[in-house]
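Trainee: need a structure here:
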Amino acid sequence: MKPKLIIFDFDGTLADTTATILTTYRMTIDELGIPERSDAEYQATIGVPLREGFRQLYPDFTESEIDNCVDTYRRIFYANKQLFIPELYPGVQDTLHQLASLGIHMSVASSRSNDSLIDFCNADGITRYFDLIIGADDVTHAKPDPEPVLITLTKLGQYPDDTIVVGDMPVDIAMGRSAGCRTVGVTYGNSSRRDLINAGASYIIDSMPELISRVIFEQ
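Mentor: Here you go, the predicted model:
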């Protein structure tokens, strides 16, 4: 059954933001003079809200210290965001165009702030494809909670059985599954095929065009 709605993650799914995130983390840690973490540890926070990411990196920090980390990260990001515009992954633009031609509705549900999410979608020229763009500050409970998906379904008048959630992280898969949707894990982002399988993804794809060739037309 062809889906009526596809909900995409952004970071690591539509656009390659890994270098931007790692660079901003490094600049933040350097400015604050706090202990460095490895790139793998920074990358493991992608997909969760920024505050939770810093909490994951520095579990012993007080709320005030976490606030300072988040504020510094955001200030550095916005001061440099014109240098940080990410590139879309290969095939993303064409795939979105084909999905729109098939009459499939599309939206974005990200743990990135709404402002930066819309800025990046505008800069990458893909905003026009989406009926709704939801960031972490648009919800009370972010991924892996199903709230972003449930809000999307309500606003767009769609049902879980007719919806697919696409993401690169286990939190994306958990979010979609908890909302009762089929899920697609992409292996070219920030987690491994094994992690996506273990998270229970309905499908695994290695490139965005496979969303059409192996998922949409396979059903």
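Trainee: give me every residue that touches the residue lying closest to residue 193 once chain neighbours are set aside.
Mentor: In this structure, residue 193 finds its nearest non-sequential neighbour in residue 187, 4.9 Å apart by Cβ to Cβ, 6 or more residues apart in numbering. Every residue, glycine included, has its C-beta placed from N, CA and C. The contact partners of residue 187, by Cβ atoms under 8 Å, 6 or more residues apart in numbering, come to 168, 193, 196, 204-206.
Trainee: repeat for residue 185
Mentor: 167-168, 172-173, 191, 193, 196-197, 199, 201, 203-205.
Trainee: After the helix or strand hosting it, which helix or strand is next? Please name it.
Mentor: Assigned by DSSP states H and E, residue 185 falls within strand 182-186. Following strand 182-186 in sequence order, the next helix or strand is helix 193-198 (DSSP H and E).
Trainee: Buried residues, that following helix. List them.
Mentor: Within helix 193-198, the residues that qualify as buried are 195-196, counting by 16 or more other Cβ atoms under 10 Å.
Trainee: any low-confidence regions in the protein?
Mentor: Counting by pLDDT under 70, the chain contains low-confidence ranges at 219.
Trainee: just the helices in it please.
Mentor: Using DSSP state H, the helices of the chain run over residues 18-32, 39-43, 50-57, 63-80, 92-101, 114-123, 147-156, 170-178, 193-198, 210.
Trainee: before we move on, back to that, could you give the angle of the strand holding residue 185 to helix 170-178?
Mentor: Taking axes from the mean of the first three to the mean of the last three Cα atoms, to 10 degrees, strand 182-186 and helix 170-178 form an angle of 170 degrees between their directions.
Trainee: Would you list the strands that strand 182-186 pairs with, along with their directions?
Mentor: When pairing is defined by DSSP bridges, strand 182-186 lines up against strand 163-167 (parallel), strand 203-205 (parallel).
Trainee: Distance to residue 53 and mean neighbour count added to the ones you listed, as a markdown table?
Mentor: As requested, these are arranged in a markdown table below (distance: least, Cβ to Cβ, whole Å; neighbours: other Cβ atoms under 10 Å):
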| stretch | distance to residue 53 | mean neighbour count |
| --- | --- | --- |
| strand 163-167 | 16 | 28 |
| strand 203-205 | 25 | 18 |
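Trainee: so which of the ones you listed gets nearest residue 80?
Mentor: strand 163-167 (25.8 Å; Cβ to Cβ).
Trainee: which other residues reach the closest one?
Mentor: With Cβ under 8 Å, 6+ apart as the test, strand 163-167 has contacts from 3-9, 12-13, 47, 109, 149, 153, 172-173, 175-176, 179, 181-186, 189, 202, 211, 215.
Trainee: Repeat that for stretch 12-22.
Mentor: Contacts with stretch 12-22, where a contact means Cβ under 8 Å, 6+ apart, come from 8, 10-11, 39, 42-43, 46-47, 77, 84, 86-89, 92, 108, 120, 124, 126, 166-169, 172, 186, 188-191, 208.
Trainee: quick one: the residue of the chain positioned farthest from its centre from residue 69, how far?
Mentor: Computed with Cα atoms, centre = their mean, the residue of the chain farthest from its C-alpha average is residue 33, at 28.6 Å. The gap separating residue 33 from residue 69 is 12 Å, by Cβ to Cβ, to the nearest Å.
Trainee: Could you do residue 174 as well?
Mentor: Counting by Cβ to Cβ, the gap from residue 174 to residue 69 is 25 Å.
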